[in-house]
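Q: Attaching a predicted model along with its sequence, questions to come.
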Amino acid sequence: MSMEGVQAGAARGAAPPRANAGEREPLISIRELKVHFDLGGGTAFDKLIGGSGVRRVVKAVDGVSLDIYPGETLGLVGESGCGKSTLGRALLRLTEPTGGQALFRGRDLARLSKREMRGQRRHLQMIFQDPYASLNPRMTVSQIIGEPLDTFGLGGRGSEREGRVRELMQTVGLSPRFLKRYPHEFSGGQRQRIGIARALAADPDFIVADEPISALDVSIQAQIMNLMEKLQRERDLTYLFISHDLRAVRHVSDRVAVMYLGKLVELADAKVIYRDPLMPYTKALISAVPVPDPAVEAARRRIVLQGDVPSPINPPAGCRFHTRCPWAIEKCKEVVPPLAEIKPDHFAACIRISPEEPDIEKVAPGDAPGLRGTGRVIAQ
């Protein structure tokens, strides 16, 4: 599945041309989306009390461009703190974007008023990471699942509403006998099923699943992933599946986007990116995933990155990964690499590789073939 491209200088906000005129239109289009959190500082009073004289801003998401197509699952991976969850929340306006666009069927959600956004929310739902904290402990299952029906006027009243709630419970594998129970009476997997039923109640088109299995036992994780895939087939859902568990992402995703320190660094078909990662960061992430074959596990090479993830308050200039990259050169400290097409429909943000020289291990020492590239670029 191809991604839209823009020419090398087109990362200034213009709508990119389609890479293939026969492709479907994206359901979600993110363009240079930014989420910055101002921590203050830099005032005369800060200096007086011995604080920093520099204003501090956390650049949690810093210029992400991405398309998500109808019916697909896009996996979003990266280390903790890289901005994955913030991107998902900003897309739904649960966290307000600082800049850029978040287009749903061509309409910019970031520019809508609160009233206009409320009208879009039934189409855009979220499954939260903590299946207990996301449920109101003072509400019964019937009230929790039925709340979206009441909010959007979808479930009718009385027996009609209860019938709809019962149907949703059965859809996610819960017995309707539990209608009057409270969240604390359920296991973690059952609570997550309640959260999924609540997300389905509004009959959405797009769901952000923010680490939906990380708080669950391994056996329950498989059940929840299988349930989500089943619901996707039956209801033609589109998912943004956010996780740091690369095994889970590989299982459920059609495409995978890799994020590092607020920026996308690689994007490709799920099978391709696991078989042939291009970015040194992606190679390191995938090398950390255990292989269930003891012989293969013993023979393969684990890539261990040196150093810690830099602070998003003061991210490195140029390529943000250069402080930990074993292949970095001086130019990497100066040039912000574009997310460019290195192989067909396989995008990476690295000046050390290009379509002509995609294997970073074979690139001549000190060379930066990506600076000479003329291929499609998603974002600068």
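A: Cool, the structure landed. Numbers count the residues shown, from 1 in each chain.
Q: Just name the shakiest helix or strand of this protein by mean pLDDT.
A: helix 44-48 (a mean of 55; mean pLDDT, DSSP states H and E).
Q: show me what contacts the residue nearest the centre of the chain?
A: For the chain, residue 76 is the residue whose C-alpha lies nearest the centre (CA atoms, centre = their mean; 3.7 Å). Contacts for residue 76 (CB atoms under 8 Å, 6 or more residues apart in numbering) come out as 84, 87, 88, 240, 241, 242, 243, 256, 257, 259. C-beta: built from backbone N, CA, C; applies to glycine.
Q: Highest neighbour count among the residues you listed?
A: When neighbours are counted by other CB atoms under 10 Å, residue 87 leads the contacts of residue 76 with 29 neighbours.
Q: what's it in contact with, if anything?
A: Taking CB under 8 Å, 6+ apart, we find residue 87 in contact with 30, 33, 35, 61, 64, 76, 242, 259.
Q: give the contact list for the closest residue to residue 205 other than its chain neighbours.
A: Excluding its sequence neighbours, the residue lying closest to residue 205 (CB to CB, 6 or more residues apart in numbering) is residue 123, at 4.8 Å. Residue 123 sits next to 104, 202, 204, 205, 206 when contact means CB under 8 Å, 6+ apart.
Q: Looking at the residues you listed, which two lie furthest apart in space?
A: Between all members of the contacts of residue 123, the longest pairwise span (CB to CB) is found for 104 and 202 and amounts to 14.2 Å.
Q: List the buried residues of the lengthiest helix in the chain.
A: If you go by DSSP state H, the chain has its longest helix at helix 218-235. Neighbour counts over helix 218-235 (16 or more other CB atoms under 10 Å) mark 220, 221, 223, 224, 225, 227, 228, 231, 232 as buried.
Q: do the same with stretch 283-296
A: 283, 284, 285, 286.
Q: Narrow the contacts of residue 76 to those in helices?
A: With helices taken from DSSP H, the overlap with those comprises 84, 87, 88.
Q: residue ranges of the strands in this structure, please?
A: The residue ranges that make up the strands of the chain, judged by DSSP state E, are 28-40, 56-68, 73-77, 99-104, 107-108, 124-127, 206-210, 238-242, 255-260, 263-269, 339-343, 346-348, 377-379.
Q: weakest of those by average pLDDT?
A: Here the strands of the chain differ in mean pLDDT, and the lowest is strand 377-379 at a mean of 68.
Q: Once you drop chain neighbours, what's closest to residue 338?
A: Counting by CB to CB, 6+ apart, residue 338 lies nearest to residue 377, which is 4.4 Å off, once chain neighbours are set aside.
Q: Surely the one you found touches residue 336?
A: No: taking contact to mean CB atoms under 8 Å, the distance of 11.7 Å between residue 377 and residue 336 leaves them out of contact.
Q: the more surrounded of these two?
A: Counting neighbours by other CB under 10 Å for residue 377 and for residue 336 shows that residue 377 has the greater number, 23 against 16.
Q: Low-confidence bits of the stretch 51-200 of the chain, can you list those?
A: Counting by pLDDT under 70, the stretch 51-200 of the chain shows low-confidence ranges at 51-53.
Q: would you list every one of the helices in it?
A: Under the criterion DSSP state H, counting those that start in this stretch, the stretch 51-200 of the chain carries helices at the ranges 84-91, 114-120, 141-152, 158-171, 188-201.
Q: Ok, which of these comes nearest residue 277?
A: Shortest distance between residue 277 and these, using CB to CB, is found for helix 84-91: 17.7 Å.
Q: any idea how far the nearest residue to residue 94 once chain neighbours are set aside is from residue 333?
A: The shortest distance from residue 94 to any residue that is not its chain neighbour, by CB to CB, 6+ apart, is 7.1 Å, and that residue is residue 126. Residue 126 sits at a distance of 38 Å from residue 333 (criterion: CB to CB, to the nearest Å).
Q: So between the two, which is more surrounded?
A: For residue 126 and residue 333, the more surrounded residue by other CB under 10 Å is residue 126, and the numbers stand at 23 against 13.
Q: partners of that one in the sheet?
A: When assigned by DSSP bridges, residue 126 has beta-bridge partners residue 208.
Q: which residues touch it?
A: Applying CB under 8 Å, 6+ apart, one finds that residue 126 lies in contact with 88, 89, 92, 94, 199, 207, 208, 209, 210.
Q: wait, doesn't the first one sit right on residue 242?
A: Yes: with contacts counted by CB under 8 Å, residue 88 reaches residue 242, the gap being 5.3 Å.
Q: who touches both of the two?
A: Overlap between the contact sets of residue 88 and residue 242, as judged by CB under 8 Å, 6+ apart, is given by 76, 208, 210.
Q: which residue packs closest to residue 250, ignoring adjacent ones?
A: Among residues not flanking residue 250 along the chain, residue 274 sits closest, at 5.6 Å (CB to CB, 6+ apart).
Q: and what of residue 199?
A: When the adjacent residues along the chain are set aside, residue 199 lies closest to residue 125, with 4.0 Å between them (CB to CB, 6+ apart).
Q: next one: residue 181
A: If you skip the residues right next to it in sequence, residue 181 has residue 141 as its closest partner in space, 5.6 Å away by CB to CB, 6+ apart.
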